[in-house]
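Have a look; sequence and predicted model below, questions after that.
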Amino acid sequence: MAARIDHLVTSGTFSLDGGTWDVDNNVWIVGDDHEAIVVDAAHDADAILAALGGRTLRAIVCTHAHNDHIDAAPALAAATGAPVLLHPDDLPLWKQTHPERAPDGELVDGAVISVAGTGLTVLHTPGHAPGAVCLHAPELATVFTGDTLFQGGPGATGRSFSHFPTIVDSIRDRLLTLPPETVVRTGHGDTTTIGAEAPHLQEWIDRGH
């Protein structure tokens, strides 16, 4: 059986630089009837466990370490035995949320995470956060972009650890080079495609979020 993509939305808060906001997060589960990985364990470990439905969880992959994307990761790891994987450049952010519990493994640019016969390639895409990554699954014609690319433009870069020129470089060089039909599955909000977003790069630069 080919891998499929399951989706749930969890709700909680995002906190950084002294502010807190209510947010809804996309949680993506990639796998088959037997095994899966979770992309961004946000807010509600019990809801994610229910969506897994008893499947073996191979990894909890963090697209970046803002608290709303990792707050449920330790609980989900404890419940399943799955390792939490994070790019090392985001360890300072991780420690703000989980100072007593380190990730279990590192995400490295170009590494391939395999589940249910499907490979997801790690693309280091800094800008929204130093260790932000995207996961490209060519067999599924999908890229999981976390908060790097949304429908309508780049992720926010107005807070600590973020940098607008860097996120534009990441999107241009790592994402807009993917096939235009590639579905962009984001950390918040609706999906889009590479082809729908690519024509707007110059507009984003001109706006200079």
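On my side now, so go ahead.

What residues of the least confident helix or strand in the chain by mean pLDDT count as buried?
Lowest on mean pLDDT, DSSP states H and E among the helices and strands of the chain sits helix 201-207, with a mean of 89. In terms of neighbour count (16 or more other Cβ atoms under 10 Å), helix 201-207 has its buried residues at 201, 204. (C-beta placed from N, C-alpha, C; glycine too.)

Same question for stretch 62-76.
62-74, 76.

Can you classify K95 by secondary structure?
helix (DSSP: H, G, I helix; E, B strand; the rest coil).

Kindly provide the distance from it to H34.
34 Å (Cβ to Cβ, to the nearest Å).

now the strands: where do they sit in the protein?
4-16, 19-31, 35-39, 56-61, 84-86, 105-106, 112-115, 118-124, 133-137, 142-146, 149-150, 153-154, 183-186, 192-193 (DSSP state E).

Tell me the helices and strands packed up against the second one.
The helices and strands touching strand 19-31, judged by 3 or more Cβ pairs under 8 Å, 6 or more residues apart in numbering; DSSP states H and E, are strand 4-16, strand 35-39, helix 45-52, helix 67-70, strand 183-186.

neighbours around H34, how many?
11 (other Cβ atoms under 10 Å).

ok, now G208?
G208 - counted by other Cβ under 10 Å - has 9 other residues nearby.

on that earlier part again, so which of the helices and strands packed on strand 19-31 comes closest to L175?
Closest approach to L175 among the helices and strands packed on strand 19-31 is made by strand 183-186 (7.8 Å; Cβ to Cβ).

Other residues contacting the closest one?
5, 7, 26, 28, 141-147, 149-151, 175, 191-194, 197 (Cβ atoms under 8 Å, 6 or more residues apart in numbering).

Contact partners for H69?
Applying Cβ under 8 Å, 6+ apart to H69 gives the contacts 25, 40-42, 62-63, 146-147, 187.

of those, closest to V122?
So of the contacts of H69, ranked by how close each gets to V122 (Cβ to Cβ), first place is T63, at 10.0 Å.
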